[in-house]
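Enquirer: Got a predicted model here, sequence first, then my questions.
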Amino acid sequence: MAESIEHPCVQHKLAIIRDVDTGHKRFRELSTEITKFICYEALKNIKTKEVTVETPVASATCRKIDTDIVVIPVLRAGVGMLEGILELVPTARVGFVGVYRDEKTKLPVSYYERFPPQIKGGTCIVIDPMLATGGSTVCAIDLLKEHGADNIIVICIVTCPEGIEFVEEAHPDVRIYAAAIDDELNEKKYIVPGLGDAGDRLFGTSH
Ligand code: PRP
Ligand code: URA
């Protein structure tokens, strides 16, 4: 199941981050800003518990988050979304998955993983700005599940029907949140219209 966040504040920022003339400094800032809004929506049904708080006036019945939250950026481009999540959930723990897409085969190659133990029983948020074929995301989810995670959501900035279908087939329990579900993939397996190579645009490594 995939959901795109149609709020005008998200869509406005998405228009700017897509723009080929947006440089890496602004691209990074927008990645943080957009991710924070998507995460806000994605966590709307997260587990909470009732607590009593003493205000200066009286007791108030309140709710607090009642689950460990573990954010898993997919290296490298997922790192550009981390700050946005940590601004919203400063106590979140962070794990890492290193996956890159082989330029020839377009298949994911995993090279690193490091998870906190709280992935078991906690809420895991996989972050990667681009969910294109879905191969990298499925690879990250496979690794998380192999290490005991069973409550996983994915936050990306742009995805497309082909990628969503691939993730849904492999992991029907995982919900995907995005700022946009674009039209298709091109022959290079880039999302169209997309925003180009997210890692290069984030880190200023394009030619
Ligand atoms: C990009 C992107 C995703 C992947 C998406 O990473 O950040 O991880 O491609 O493609 P897929 O859905 O078809 O797997 P890339 O391989 O360019 O590595 P990078 O983050 O190191 O730039
Ligand atoms: N990786 C990217 O960075 N962009 C795409 O459109 C597809 C994969």
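Expert: That came through fine. Numbering: from 1, shown residues only. Ligands and ions are numbered 1, 2, ... in the order given.

Enquirer: helix/strand/coil for the closest residue to Ser206 other than its chain neighbours?
Expert: In space, and not counting its chain neighbours, Ser206 is closest to Asp200: 3.9 Å by Cβ to Cβ, 6 or more residues apart in numbering. (Glycine included, C-beta is placed from N, CA and C.) State at Asp200, reduced to three classes by DSSP: H, G, I helix; E, B strand; the rest coil: helix.

Enquirer: Tell me which stretches of the chain form helices.
Expert: If DSSP state H is used as the criterion, the helices of the chain fall at 8-18, 24-42, 82-88, 135-146, 161-170, 198-203.

Enquirer: Tell me which of these sits most buried.
Expert: By mean neighbour count, with neighbours taken as mean count of other Cβ atoms under 10 Å, helix 135-146 ranks first of the helices of the chain at a mean of 22.

Enquirer: quick one, what contacts Thr123?
Expert: For Thr123, the set of contacting residues under the criterion of Cβ atoms under 8 Å, 6 or more residues apart in numbering consists of 43, 46-47, 67-70, 151, 153.

Enquirer: any idea how far it is from ligand 2?
Expert: Relative to ligand 2, Thr123 is positioned 26 Å away (criterion: Cβ to the nearest ligand atom, to the nearest Å).
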